[in-house]
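>>> Fold the following, please.
(4 chains)
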Number of protein chains: 2
Amino acid sequence: MTITMHDVAKLAGVSIKTVSNVVNDYQYIKPETRARVLEAIESLGYTPNLSARGLRSGRTGVISLIIPDLRNAYFAELADSVMRAAADEGLAVLIQQVGGKRAAEIEALHGPRMTNVDGILYSVLALDESDVDQLVIDTPLVLLGERIFNGPTDHVTMHNIEGARAATEHLLAQGRRRLVAFGAHPGEVIGSAGLRLVGYREALEAAGVEFDESLVVTVGNWHRADGAEGMREFLAKGIPFDGVVAFNDSIALGAMRVMQDAGIRIPADAAVIGFDDIDETRYTLPSLSTINPGRDEIARVAVQYLKERIAGGAHSIPPREYLADFELIERESSHAGG
Amino acid sequence: MTITMHDVAKLAGVSIKTVSNVVNDYQYIKPETRARVLEAIESLGYTPNLSARGLRSGRTGVISLIIPDLRNAYFAELADSVMRAAADEGLAVLIQQVGGKRAAEIEALHGPRMTNVDGILYSVLALDESDVDQLVIDTPLVLLGERIFNGPTDHVTMHNIEGARAATEHLLAQGRRRLVAFGAHPGEVIGSAGLRLVGYREALEAAGVEFDESLVVTVGNWHRADGAEGMREFLAKGIPFDGVVAFNDSIALGAMRVMQDAGIRIPADAAVIGFDDIDETRYTLPSLSTINPGRDEIARVAVQYLKERIAGGAHSIPPREYLADFELIERESSHAGG
DNA sequence: ATGAAAGCGCTAACAC
DNA sequence: GTGTTAGCGCTTTCAT
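Numbers count the residues shown, from 1 in each chain, chains lettered A, B, ... in the order given. Just a heads-up that it's a prediction; the model follows:
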C-alpha cells in the first residue's frame, strides 16, 4: 500500500540505509548511487513518513505557536511572521488558540501535543510571574510578549517602555498636555499594559507634565469592541483631553470611531496614536499613527532561538532576552497642527 | 528518560495493553484496574507519544489547513473558526500558508507533510478546474471556497451568487442605479469574483437596469491596499456612480478610504456594501454593510465532513457539496436615504 | 561509502 | 477483562 524506504531500496538496488542517507542529504554518497536512489524515489512517488521519523529521531519538524486568538489582528500578523520565519527554517507551525484563559494557557504546555512538536513559541496574556515554574518543561520553549521577564526560558519581545514613551513624547511635542492613557490594566506591573503605562508616565515626567489619574482608562480586553466601549464610558465622564495614547491599535480604532461619533475631530481636537502597526491602520479614516513593534524581527529571532534550543537541548545554555527595535510611524491621526 | 506505557504498566502491575486500553477509553475495563492505571499515569506524569501512536495507528489527530495568507482578515477569521470546530472534535490544526501562488498551492498537497496529518482543509486562490486531478490524493481532503465545483472531493462554501445578488438588490432598492462591481477578475468564471459578478448581473437584470461594462472594476488581489489602488484608478476616469458592490470587505474598506479622501460622502453620494463580515467592518467610519458568509457553519461542516472521511476512507462515499446560508448585514455605509 | 540489525513507543490481532 | 506478540517506517549504531 504505502511506499517505504524498503521499496525504494529494492528498486535502486541499495540498502535502506543508503536511501535514508540520500533523503537526509548525507554528504558522502557516490553521485551515481545518489542519482539511482533519487530516480527510484521519483518513479515510486515516495515520501518519507514523518511519524516514523518523529518516533525514531525525536524530531517532528513541527513547532507549536500558542497564542490567545487569531481574530486579534496583532496575533494573526504575528502568526504570519512566525510561519514565514519557520518555513525558512524548514519548520511547520501548529497553532493553538488558548483564548487568553489562564487555565488553557497553562494546560497547553503540558498536554500530549507536546510530544508531537519540537518546540514551542509561547505568546499568551493571562500568565504572570507566579506561573514561572510552569514554563520549566522538557520541550524547548521561547517566550514572546511581556508577561514574564528573567524567566527560565529565552524571551523575545519589544522595547515596550521606550515605545510607549516615544508615542507619548510624539503627542507632547505638539503641545498636547491632556493625554489619555488608553488600555490600562489596573494592578498590572509587567504586562504590555503595565510597561506601556510606565513609558507614558516617564514621558510626562520628562516633559514636566503632571500625571493625572483620571486620564488613565482601563480597557480589559484589547479588541476593537472593548476600545469602543472604554471610550464611550470615558467620554461620558466629560473629562477634557487633547490626545490619546492607546496601548494597541485595535482599541485605538474602536475608540476613534466612538470619538468621531461624538463629534471629536481627529487630530484637530484630539490626536491618537496606537501600538502594533497592524495593516488596517494605514487605511482607516484618519489613518492611525502607531508604534511598529518589529514583529518580523521578533519572529525571526524567536524561531532562531528555538532552533538552537532544539539542536542543543532545552536547557543547554542560559536563558536569553532579546528586545526588538521599534519604530514610530506618524500618520494622520497625530498630524501636527491637524 | 521519557516515560512510556511500559513504565506505567510496571507501576500499576498490569500489562502495557491495559494501559493502552485505559488511555484510549476502552469500555470493558474493571473500574479498579482503570483507577490503578490512572493513578500510575498521574504519579509518573505520563503522556502518550503521539508520533508512536501516529506511526502505529496511521492517525495523528492533526489536520492541515491550507490557506493563502493569515494577514487577510477573512482567512484569519476562517482559521479561527476552523480551529474552534477542530478543537471540539479533538483535532489540532497545522496551518500552511501558500500565498495564493499556484505552484505552492499544488505542492502543499503532495509534500511529506501529508504523511503527518489525518486530513486537509483546502482553501486556495490560484487553482482552477484544470487542476482537479491534483486533488485526487490518498489523504482525505475537503475543499473550501469557490475555485472548483463538482470536483472529486467534498466541497463546502457559501451561496456566492445569491449573496452578491442580495447585496446588489439592497442598493438597487434604494433607487441607486449606477453600481460599481468592485473586485472583478476578468475571464474568471467560477472563482468568488466570477460568481459574485454573476449575482450582481442577475440583480441588475431582475431590476431592469442595464449592465454597464465601464462600472466593472478589476482588483487583482483582495487586500485593502489593492482596493485603495483600484478605487483611485477608477475615480481618475471620472465615471459617475452612486453605489459600490465590493466583492470583499478588505477592498471595500480600502476603496472607502480613497472615496472619502476624494470628498465622496458615504452613503449620501455613494453607498457601499462588502462581502465577508470581518470584525472590523463594525467599527469603521462609516460602518460597512456586508454579507456574512456563514464562516462558522462552513468551518463546522467542513471539519465534520473531514472527520467522516478520516473515519471511513478518503473515497468511501461520493463527494458532497454544501452551501452555507448567508446573511445581509445592513450598516451605515448603505443606510437608505443616508 | 554502504550494509545489517536493533528498536523508538505505540496499537491491532489474537489468545486466554 | 487482560496479556502476548508483532511490527508500523524510520534513524542510529556498529561493522565492513
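>>> And the pLDDT at the residue most central in space within chain A?
Nearest to the geometric centre of chain A sits residue A:78, at 4.5 Å (Cα atoms, centre = their mean). pLDDT recorded at residue A:78 is 97.
>>> distance of it from residue A:69?
Distance, residue A:78 to residue A:69, using Cβ to Cβ, to the nearest Å: 11 Å. Using the backbone N, CA and C atoms, a C-beta is placed for each residue, glycine as well.
>>> Kindly report the same for residue A:243.
Counting by Cβ to Cβ - residue A:243 and residue A:69 are separated by 29 Å.
>>> more crowded one of these two?
Per other Cβ atoms under 10 Å in any protein chain shown, whichever of residue A:243 and residue A:69 has more neighbours is residue A:243, with 27 against 18.
>>> Report the beta-bridge partner residues of the more buried one.
Beta-bridge pairing of residue A:243 under DSSP bridges involves residue A:179, residue A:271.
>>> ok, now which ones touch it?
A:171, A:174, A:176, A:178-180, A:270-273, A:334 (Cβ atoms under 8 Å, 6 or more residues apart in numbering or on different chains).
>>> which one among those residues gets closest to residue A:59?
If you rank the contacts of residue A:243 by distance to residue A:59 using Cβ to Cβ, residue A:273 comes first, at 44.0 Å.
>>> Does that closest one touch residue A:252 like I think?
Yes - in this structure, residue A:273 is within contact of residue A:252 by Cβ atoms under 8 Å, at 7.4 Å.
>>> Common neighbours of those two, please.
With Cβ under 8 Å, 6+ apart, residue A:273 and residue A:252 have common neighbours A:244, A:246, A:288, A:290, A:333.
>>> Next, give me the two most distant ones among these.
It's A:244 and A:290 that sit farthest apart of the shared contacts of residue A:273 and residue A:252, by Cβ to Cβ, at 12.0 Å.
>>> Between those two, tell me which one has more neighbours.
residue A:244 (33 against 28).
>>> isn't residue A:205 right up against residue A:199?
No - counting by Cβ under 8 Å, residue A:205 stays clear of residue A:199, with 10.8 Å between them.
>>> So if I had to pick from those two, which one is more boxed in?
residue A:199 (24 against 12).
>>> check which helix or strand covers the more buried one.
Using DSSP states H and E, residue A:199 falls within helix A:192-206.
>>> can you check residue A:60 too?
Judged by DSSP H and E, residue A:60 forms part of no helix or strand.
>>> for it, what are its contacts?
For residue A:60, the contact set (Cβ under 8 Å, 6+ apart) comprises A:50, A:53-54, A:116-118, B:51, B:116.
>>> switch the cut-off to 7 Å
A:50, A:54, A:116-118, B:51 (Cβ atoms under 7 Å, 6 or more residues apart in numbering or on different chains).
>>> Now neighbour count, secondary structure and distance to DNA strand C too, for these, in a markdown table please.
Formatted as a markdown table, those follow (neighbours: other Cβ atoms under 10 Å in any protein chain shown; DSSP: H, G, I helix; E, B strand; the rest coil; distance: Cβ to the nearest atom of the strand, whole Å):
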| residue | neighbour count | secondary structure | distance to DNA strand C |
| --- | --- | --- | --- |
| A:50 | 24 | helix | 13 |
| A:54 | 25 | helix | 9 |
| A:116 | 26 | helix | 11 |
| A:117 | 27 | coil | 15 |
| A:118 | 21 | coil | 15 |
| B:51 | 23 | helix | 7 |
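>>> from those, which is closest to residue A:146?
Proximity of those to residue A:146 (Cβ to Cβ) peaks at residue A:117, which lies at 23.7 Å.
>>> related to what we said a few turns ago, the closest residue to the residue nearest to the centre of chain A other than its chain neighbours: neighbour count?
Nearest in space to residue A:78, with sequence neighbours left out and distances taken as Cβ to Cβ, 6 or more residues apart in numbering or on different chains, is residue A:295 at 5.8 Å. For residue A:295, the neighbour count with other Cβ under 10 Å is 19.
>>> Quick check: residues of chain A near chain B?
A:47-52, A:54-55, A:60, A:62, A:69-71, A:76-77, A:79-80, A:83, A:92-95, A:97, A:112-116, A:224, A:228, A:253-254, A:257, A:260, A:279-280, A:283-285 (Cβ under 7 Å from any Cβ of the partner chain).
>>> so who does the closest residue to residue A:81 other than its chain neighbours touch?
Using Cβ to Cβ, 6+ apart and skipping residues adjacent in sequence, the residue nearest residue A:81 is residue A:299, 3.7 Å away. Residues in contact with residue A:299 (Cβ under 7 Å, 6+ apart) are A:78, A:81-82, A:85.
>>> just residue A:16 next, same as before
A:5-6, A:9.
>>> Present the contacts of residue A:60 as CSV; the columns should include pLDDT and distance to DNA strand D.
As requested, these are arranged in CSV below (pLDDT from 0 to 100; distance: Cβ to the nearest atom of the strand, whole Å):
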residue, pLDDT, distance to DNA strand D
A:50, 92, 8
A:54, 92, 8
A:116, 88, 15
A:117, 94, 17
A:118, 95, 13
B:51, 92, 8
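>>> Narrow the residues of chain A next to chain B to those in strands?
Members of the residues of chain A next to chain B lying in strands (criterion: DSSP state E): A:62, A:92-95, A:97.
>>> Give me the below-cutoff pLDDT ranges for chain A.
A:1, A:337-338 (pLDDT under 70).
>>> Which positions in it make contact with DNA strand D?
A:1-2, A:4-6, A:16-17, A:20, A:23-24, A:46, A:48-49, A:52-53, A:55-57 (Cβ under 7 Å from any atom of the strand).
>>> I'd guessed residue A:15 sits against residue A:9; true?
Yes - with contact defined as Cβ atoms under 7 Å, residue A:15 reaches residue A:9; the gap is 5.8 Å.
>>> Those two: which is more packed in?
The neighbour comparison of residue A:15 against residue A:9 (other Cβ under 10 Å) goes to residue A:9, with 18 against 13.
>>> got a list of what that one touches?
Taking Cβ under 7 Å, 6+ apart, one finds A:15-16, A:18-19 in contact with residue A:9.
>>> again, only this time at 10 Å
A:15-20, A:37, A:40 (Cβ atoms under 10 Å, 6 or more residues apart in numbering or on different chains).
>>> filter those residues to the buried ones?
Neighbour-count burial (16 or more other Cβ atoms under 10 Å in any protein chain shown) is assigned, among the contacts of residue A:9, to A:18-20, A:37, A:40.
>>> rewinding a little: and the residues of chain A next to DNA strand D, which are buried?
In the residues of chain A next to DNA strand D, burial by neighbour count holds for A:4-5, A:20, A:23, A:46, A:48-49, A:52-53, A:55, counting by 16+ other Cβ under 10 Å.
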